[in-house]
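> Quick one: sequence and predicted model below, then my questions.
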Amino acid sequence: MPMSVAGHMPDEAQSIRTLLAAHDAGATLIDTADAYTPSHDDVGHNERLVAKALAQWRGDAGSVLVATKGGHTRTPGGGWSKDGRPSYLKQACDRSLKALGVDSIGLYQHHRPDPEVPYEETMGALKDLHDAGKIRMAGISNADPQQIRTAHDILGERLVSVQNEYSPRFRSSEPEIDVCAELGLAFLPWSPLGGIGRTGELSERHAAFSEIAKERGVSPHQVCLAWELARSPVVIPIPGASRPESIVDSLAAVDLELSAEELARLG
């Protein structure tokens with residue numbers, strides 16, 4: 001939930017209410033990153049927010065898998081950069097451990113490949129972090145099919161997930177989904193509803209989603225997430241939300257089973 005990115009931030013109280021609503025509705029995976037922050041000098045902002053919400057939740061915090069990411073950095077002026085050096089990734093992991101207030105991160109993901117650093121070296125750092133007990137599972141993000149295979153060769157069973165963009169407007173990650181299915185890895189679509197500020201495009205540019213939603217008496221968002229869940233058993237969408245109502249609506253997609261005819265209409 002990148003609700004800490006400048007320009008799209010609800011206030012802290014609303015953010016925590018949204019996170020608590022997600023947990024109360026049955027969410028067992030929360031995705032964050034050290035780079036989800038309003039500015040470059042407040043790295044870990046969203047991680048600290050997630051930790052604060054979990055501390056307030058009345059349920060079993062141990063039942064929630066918190067996934068975070070490192071290797072995508074923020075720069076002055078609101079920019080983004082990449083740092084895949086093993087030394088940096090290990091430093092970032094230590095910082096995330098502190099921000100989340102844990103001894104070991106449930107799922108730690110390399111956020112984005114750095115063209116200046118051999119991918120094998122970055123994956124070696126994830127292996128070292130796992131073997132040191134600082135992370136329980138490893139994941140990668142924004143990876144192509146060959147990078148997924150490289151990571152799998154190096155990490156073996158330590159690697160459990162791939163997080164790439166995937167939505168009705170961005171379908172070019174189909175090959176990555178197939179590789180994940182082949183290797184037994186979870187595929188976590190980021191921006192599954194089209195991205196921040198683009199969710200309205202479901203109705204405007206993808207009419208079939210709205211048509212089926214109206215027929216079913218549900219939101220287009222639910223139809224979109226159900227369509228992604230139907231793509232493959234390995235697909236686990238991670239929709240963002242800034243309001244409790246939004247995340248509760250999204251989670252209801254788990255119980256929406258689309259027919260073969262409906263899936264054919266959605267393409």
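Happy to help now that I have it. Numbers count the residues shown, from 1 in each chain.
> quick one: the strands in the stretch 1-150 of the chain?
For the stretch 1-150 of the chain, the strands defined by DSSP state E, counting those that start in this stretch cover 29-31, 65-70, 72-75, 79-82, 105-110, 135-141.
> nearest to residue 253, of those strands?
Ranking the strands of the stretch 1-150 of the chain by proximity to residue 253 (CB to CB) places strand 29-31 first, at 14.1 Å. In this view, the C-beta of every residue, glycine as well, is placed from N, C-alpha and C.
> among the strands of the stretch 1-150 of the chain, which is nearest residue 147?
Per CB to CB, nearest to residue 147 of these: strand 135-141, 6.9 Å.
> re the thing from before, of all the strands of the stretch 1-150 of the chain, which one is nearest residue 157?
Nearest of the strands of the stretch 1-150 of the chain (CB to CB): strand 135-141, 9.2 Å.
> for this structure, which helix is longest?
helix 86-100 (DSSP state H).
> How far does that helix sit from its chain's centre?
On the basis of CA atoms, centre = their mean, to the nearest Å, helix 86-100 is displaced by 18 Å from the centre of the chain it belongs to.
> pLDDT averaged over it - what is it?
What helix 86-100 shows for mean pLDDT is 98.
> so can I have TSV of the strands of the stretch 1-150 of the chain showing distance to residue 237, mean pLDDT and mean neighbour count?
Putting the strands of the stretch 1-150 of the chain into TSV (distance: least, CB to CB, whole Å; pLDDT from 0 to 100; neighbours: other CB atoms under 10 Å) gives the following:
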stretch	distance to residue 237	mean pLDDT	mean neighbour count
strand 29-31	10	97	21
strand 65-70	13	98	24
strand 72-75	20	95	18
strand 79-82	23	95	12
strand 105-110	16	98	24
strand 135-141	14	98	23
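> Show me the one of the ones you listed that comes nearest residue 53.
strand 29-31 (8.5 Å).
> What are the contacting residues of that closest one?
Outside strand 29-31, the residues that touch it by CB atoms under 8 Å, 6 or more residues apart in numbering are 1, 19, 22, 50, 64-69, 163, 188, 190, 236, 238.
> Please repeat the previous calculation with a cut-off of 6 Å.
Residues from elsewhere that reach strand 29-31, judged by CB atoms under 6 Å, 6 or more residues apart in numbering: 50, 65-67, 238.
> same deal with stretch 86-100?
Taking CB under 6 Å, 6+ apart as the rule, stretch 86-100 contacts 34, 44, 47-48, 51, 68, 70-71, 121, 125, 129, 134.
> Filter those down to the buried ones and hand me the PyMOL line.
The PyMOL selection below is limited to those of those classed as buried (16 or more other CB atoms under 10 Å):
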select buried, resi 34+44+47+48+51+68+70+71+125+129+134
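> just to revisit the earlier point, quick one: the longest helix of the chain to strand 65-70, angle?
Counting by axes from the mean of the first three to the mean of the last three CA atoms, to 10 degrees, helix 86-100 points 140 degrees away from the direction of strand 65-70.
> Residue 83 and residue 73 touch, don't they?
Yes: using CB atoms under 6 Å, residue 83 makes contact with residue 73 at a distance of 5.3 Å.
> What residues of the longest helix of the chain count as buried?
Of the residues in helix 86-100, 86, 88-90, 92-93, 96-97, 99-100 count as buried by neighbour count, 16+ other CB under 10 Å.
> Considering the residues you listed, which is situated nearest to residue 172?
Residue 172 lies nearest to residue 89 out of these, by CB to CB, at 26.4 Å.
> nearest spatial neighbour of the closest one, skipping sequence neighbours?
Take residue 89 and drop its neighbours on the chain: the residue closest to it by CB to CB, 6 or more residues apart in numbering is residue 125, 4.4 Å away.
> And residue 144, by the same measure?
residue 176 (7.0 Å).
> Then residue 18?
Counting by CB to CB, 6+ apart, residue 18 lies nearest to residue 244, which is 5.1 Å off, once chain neighbours are set aside.
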